[in-house]
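1. Pasting the sequence and the predicted coordinates here, then a few questions.
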Amino acid sequence: MTVTVYVPRDAAARSVGADEVAAALADAAGDRIRLVRNGSRGLLWLEPLVEVDTADGRVAYGPVSAADVPALLADGLLDGEQSGGRCLGRTDDLPWLRDQTRVTFARVGVIDPLSQADYQAHGGLAGLRAALAMTPADVVRQVTDSGLRGRGGAGFPTGIKWNTVLGAESDLKFVCCNADEGDSGTFADRMLMEGDPFTLIEGMVIAAHAVGATEGYVYIRSEYPDAIATMREAIGIATAGGWLGERVLGSDLCFDLHVRVGAGAYICGEETSMLESIEGRRGMVRAKPPIPALEGLFGRPTVVNNVLSLASVPMIMADGAEAFQELGIGRSRGTQVFQLAGNVARGGIVETAFGVTLGELVNGFGGGTASGRPVRAVQVGGPLGAYLPVDRFDLPMDYEAFAAAGAMVGHGGVVVFDDTVDMAAMARFAFAFCAEESCGKCTPCRVGATRGVEVIDRITAGIDRRKNLLLLDDLCELMVDGSLCAMGGLTPMPVRSAVRHFPADFGAERETQA
Amino acid sequence: MTTETLEQRVRAAVEAHRGERGALLPILHHLQAEFGYIDEAAMPIVANELNLSRAEVYGVVTFYHDFTLAPGGARTVRICRAEACQAVGAERLAEHARQRLGVGFGETTADRTVTLEQVFCFGNCALGPAVQVDGRLHGRVDPAAFDRLVGRA
């Protein structure tokens, strides 16, 4: 009897040897196993995480190296023995997974990412079928009622955006998925595209039906070759199977989907810059208005949504707006896919309802630092998000609560730093990165970032410290108020939070002593 | 290579993407993959084919980090220097890489075997420091692992 064995194809798992493990298993147990290259379950510190189908359910082993394979097989890996030091027990019983609410990531790591049969056996297409039975306006209403807000960082209500595109008159409309996940500390978009690409495709087809679009683009950054390959393959399979193209699932809907590859420009994660890039130009930010919903790609009405926003839609259509709305707190509804990264003992994907505290994520799920030293700072929401000290770990993950604390939830990325971090260096890096990656269109961002590096250098050198701190604050205010997009407008957030919460790193003590 | 074959190859690259909207980026990716860089002689041909100005094409080529104006080394080693990797020692690794290879970021070793580049995020933020060698991603790369990856152990 062949036993099904799962070895992830996820880029993170491959980066620590999943391919070698898969090859070793195929070599040693060839005809005794059916090898499935699944997505990652998101317990990244345990990768490569191997799972075996047993009478008792799936059993997990990790981290497994190719060298472990002979011993694992000798210990009865394929006989449901659940023995050996690498055995973690039943996957479903792992506390880390058990304590999550996997909605958007429900299938990631569970199914064969490119199997249409697997996808449908696990609830795939139910959302699209439900949507196609409804009028576009009703689909938009259901998405609006769910309370879904853009998962890319800005948190704009998805239904309201769709409604604008639906109401716009045009013979050609587009749906664009922003998969330019350039922020450090985020990898959920990548993992979803590699682990459950059909969900994103289904979400985009629903969006097309809802707004009357006939053509779509997934803009994926070139740093994600695995995601690009998987999405391209999935689109080919979906088109051949009638899930894309002419008469989707036998309906009147026609929708063609294409992958576009970025070319190494962080700014192309900004929606208007991304549209310029798809059009074949420099990724220069556009002034708004006009908003992309009215004048987007090639000047046509365009839905621009993040990967996770679109991937949340099939579940909302399948299970109803209420099921989504019931999760979360305040005006932050549903789940968020948090990503634990950096110097963290247990890094990976934590999908749970909004309202979980920062401390529960970092110390509870994350288990503190990987280095074993005390946590000193965490950066939430990417390079443009705030640095927070441990005494703010009581903050609930909620758009409004974070905004009130001078921070942002963003896309839910959490980067952990231990007590060796120099926060003045991190603030300087925020400016230096902005200077490097600014598109250069507006002066506050293009020039402000360079001046910011210089001002921080003077502060840390102890030159006119007090005056330069005032100047820094002035510069930050100008960038916030005067920048065209979030790149210049939010770079002050990590800088100011670092100054505010970690004054000692900017020479505060030295001055008191003097 | 003669100028004629270059021109033919460039026109073939344009032709391969003729039906795509806003085809310039796909064409440039095609040329970069085929030649290892974007030859300056290719730009006026692409411009002519797409009815763009040479300045527009040059502007796009130079805006994006992925497109280079000169060929790199036999191997390309890219180190992530973004925040999450910094939190686990990426800056120490970057310094080690510069010392070991004797080049700065964006440079190629004198024997033209390795081009060293910096990247801001591969999405491997829980398993840093991340390094990509010839398109293949590696996690938890310490200096010793780096030396093995680049064959300088």
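-> The structure has been received and is ready for your questions. Residues are numbered from 1 along each chain as shown, chains lettered A, B, ... in the order given.

2. before we move on, which element is A:Asp256 in?
-> For A:Asp256, the host element (DSSP states H and E) is strand A:256-261.

3. Partner strands of that strand and their direction?
-> Here strand A:256-261 has these sheet partners by DSSP bridges: strand A:215-220 (parallel).

4. in the lengthiest helix in chain B, what counts as buried?
-> Scanning chain B for the helix with the most residues, using DSSP state H, yields helix B:3-16. Residues of helix B:3-16 classed as buried: B:9-10, B:13-14 (neighbour count, 16 or more other CB atoms under 10 Å in any protein chain shown). Using the backbone N, CA and C atoms, a C-beta is placed for each residue, glycine as well.

5. before we move on, what about stretch A:413-430?
-> By 16+ other CB under 10 Å, the buried positions in stretch A:413-430 come out as A:413-418, A:421, A:423-430.

6. Ok, stretch A:491-510 next?
-> A:491-499, A:501-503, A:505-507.

7. Could you single out the nearest of these to chain B?
-> Comparing those against chain B with CB to the nearest CB places A:Pro494 closest, at 8.8 Å.

8. what's the pLDDT at that closest one?
-> Looking at A:Pro494, its pLDDT is 97.

9. got the contact list for it?
-> Contact analysis of A:Pro494 by CB atoms under 8 Å, 6 or more residues apart in numbering or on different chains lists A:379, A:383-387, A:426-427, A:430.

10. Off-centre distance for the longest strand belonging to chain A?
-> Taking DSSP state E as the criterion, chain A has its longest strand at strand A:335-342. Relative to the mean C-alpha coordinate of its chain, strand A:335-342 is positioned 8 Å out (CA atoms, centre = their mean, to the nearest Å).

11. what about dumping the CA coordinates of that strand to PDB?
-> This file holds the C-alpha atoms of strand A:335-342, laid out as PDB (Å, rounded to 0.1, in the frame of the first residue of the first chain):
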ATOM      1  CA  THR A 335      -8.900  37.300  10.600                       C
ATOM      2  CA  GLN A 336      -5.500  38.700   9.900                       C
ATOM      3  CA  VAL A 337      -2.600  36.600   8.700                       C
ATOM      4  CA  PHE A 338       0.100  37.700  11.100                       C
ATOM      5  CA  GLN A 339       3.700  36.900  10.200                       C
ATOM      6  CA  LEU A 340       6.300  36.400  12.900                       C
ATOM      7  CA  ALA A 341       9.800  37.200  11.600                       C
ATOM      8  CA  GLY A 342      13.300  38.400  12.400                       C
END
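
12. which helices and strands does the following helix or strand past it pack with?
-> Downstream of strand A:335-342, the next assigned helix or strand under DSSP H and E is strand A:348-353. Here strand A:348-353 touches strand A:335-342, going by 3 or more CB pairs under 8 Å, 6 or more residues apart in numbering or on different chains; DSSP states H and E.

13. about what we covered before: next helix or strand past the longest helix of chain B?
-> Downstream of helix B:3-16, the first helix or strand assigned by DSSP H and E is helix B:24-35.

14. and A:Arg451, how many neighbours?
-> Using other CB atoms under 10 Å in any protein chain shown, A:Arg451 has 17 other residues around it.

15. any chance you could map the strands in the stretch 101-250 of chain A?
-> With DSSP state E, counting those that start in this stretch as the definition, the stretch 101-250 of chain A shows strands at residue ranges A:174-179, A:215-220.

16. next one: the last one to chain centre, how far?
-> This means strand A:215-220. Using CA atoms, centre = their mean, the offset of strand A:215-220 from its chain centre is 17 Å.

17. Also compute the angle for that strand relative to strand A:174-179, please.
-> For strand A:215-220 against strand A:174-179, the angle by axes from the mean of the first three to the mean of the last three CA atoms, to 10 degrees is 10 degrees.

18. what sits up against strand A:215-220?
-> By CB under 8 Å, 6+ apart, strand A:215-220 touches A:172-180, A:193, A:200, A:204, A:207-208, A:227-228, A:231, A:255-262, A:268, A:274, A:277-278, A:297.

19. Would you mind checking these for buried ones?
-> Using 16+ other CB under 10 Å, the buried ones in the contacts of strand A:215-220 are A:173-180, A:193, A:200, A:204, A:207-208, A:227-228, A:231, A:255, A:257-262, A:268, A:274, A:277-278, A:297.

20. any idea of the pLDDT on the residue in chain A that chain B sits nearest to?
-> Closest contact between chain A and chain B, by CB to the nearest CB, is at A:Gly347 (2.7 Å). Here the pLDDT value assigned to A:Gly347 is 98.

21. list the contacts for it?
-> Residues counted as contacts of A:Gly347 (CB under 8 Å, 6+ apart) are A:44-45, A:340-341, A:366, A:370, B:125-127.

22. and what of A:Arg190?
-> Shown in contact with A:Arg190 (CB under 8 Å, 6+ apart): A:11, A:181, A:224, A:226-227, B:123.

23. switch the cut-off to 10 Å
-> A:10-12, A:40, A:179, A:181, A:220-221, A:223-224, A:226-227, A:230, A:307, B:121-125 (CB atoms under 10 Å, 6 or more residues apart in numbering or on different chains).

24. repeat for A:Leu490
-> Taking CB under 10 Å, 6+ apart, we find A:Leu490 in contact with A:153, A:381-386, A:408, A:410, A:430, A:434, A:479-480, A:483.

25. Need the phi and psi values for it.
-> For A:Leu490, the backbone dihedrals are phi -110, psi -10 (criterion: degrees, to the nearest 10).

26. what does A:Gly366 give?
-> phi -70, psi -20.

27. picking up where we left off before, tell me what angle the strand holding A:Asp256 forms with helix B:24-35.
-> Using the same axes, to 10 degrees: strand A:256-261 against helix B:24-35 is 50 degrees.

28. any idea which helix or strand comes after strand A:256-261?
-> Moving toward the C-terminus from strand A:256-261, the next helix or strand (DSSP H and E) is helix A:271-278.

29. Past that next one, which element shows up next along the chain?
-> Next along from helix A:271-278, by DSSP H and E: strand A:302-306.

30. From the contact counts, what lies against that following strand?
-> helix A:158-167, strand A:174-179, helix A:197-211, strand A:215-220, helix A:271-278, helix A:307-319 (3 or more CB pairs under 10 Å, 6 or more residues apart in numbering or on different chains; DSSP states H and E).

31. In chain B, which residue sits closest to chain A?
-> At 2.7 Å from chain A, B:Ala126 is the closest residue in chain B, using CB to the nearest CB.

32. Once you drop chain neighbours, what's closest to that residue?
-> Of all residues not flanking B:Ala126 in the chain, A:Gly347 sits nearest, at 2.7 Å (CB to CB, 6 or more residues apart in numbering or on different chains).

33. Tell me the spacing between that neighbour and A:Asn468.
-> Distance check for A:Gly347 against A:Asn468: by CB to CB, to the nearest Å, it reads 36 Å.
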